[in-house]
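Enquirer: Please find the sequence and the predicted model below.
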Amino acid sequence: MKLALCVIHNRDKAQMMTALVSSGFKFTVIGSSGGFLREGNTTMIIGTEDDQVAGLRSLIEENCQTREQVVSVMPFESGPPGAYLTSPVKVPVGGAVMFVMDVDEYHRF
């Protein structure tokens, strides 16, 4: 048995949850936030059999898309306020990160 931790962008949450339910996966959702843009993410904890990991991976790839977002970036040491003018930068956001771990024991009560 495997345990998958999947961190996805909040914009992909509803579509991903629908796809998981339709495919018969059981999961738990935890709200989280990213470190770089400090935006909302969703962390999904998914238990699955070893032979279903490839299907889960494909499902996540199909439903979690990377997109570009324009952000203003301040330097770490910006000096006095107003001394530095920021210029917007396009950065990729979204997509998914999936961690897969072995499960030694599983109990459902």
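Expert: Ah, there it is. Small disclaimer: the values here were computed from a predicted structure and weren't measured. Residues are numbered from 1 along each chain as shown.

Enquirer: wait, doesn't E49 sit right on K2?
Expert: Yes - counting by Cβ atoms under 8 Å, E49 does reach K2; the two are 7.3 Å apart. (Each C-beta comes from the backbone N, C-alpha and C, glycine too.)

Enquirer: Give me the more crowded residue out of the two.
Expert: More crowded of E49 and K2, by other Cβ atoms under 10 Å: K2, with 16 against 10.

Enquirer: Who are the contact partners of the more buried one?
Expert: Neighbour list for K2: 47-50, 53, 100-103 [criterion: Cβ atoms under 8 Å, 6 or more residues apart in numbering].

Enquirer: One more pass at 7 Å, please.
Expert: K2 makes contact with 48, 50, 53, 100-103 under the criterion Cβ atoms under 7 Å, 6 or more residues apart in numbering.

Enquirer: quick one: which of these has the most company?
Expert: Tallying neighbours with other Cβ under 10 Å puts T48 at the head of the contacts of K2, with 19 neighbours.

Enquirer: give the contact list for it.
Expert: 2, 4, 25, 56.

Enquirer: what pairs with it across the strands?
Expert: On the basis of DSSP bridges, T48 is bridged to K2.

Enquirer: From the contacts of K2, which land in strands?
Expert: Among these, the members falling in strands (DSSP state E) are 48, 100-102.

Enquirer: Just the pLDDT for L3.
Expert: For L3, the pLDDT comes out at 97.

Enquirer: count of residues packed around it?
Expert: Quick note: L3 (other Cβ under 10 Å) scores 14 neighbours.

Enquirer: returning to what we had before: return the subset of the contacts of T48 lying in strands.
Expert: Checked against DSSP E, the contacts of T48 include these in strands: 2, 4.

Enquirer: Rounded mean pLDDT for the one helix or strand A19 maps to, please.
Expert: If you go by DSSP states H and E, A19 is part of helix 13-22. On average, the pLDDT along helix 13-22 is 95.
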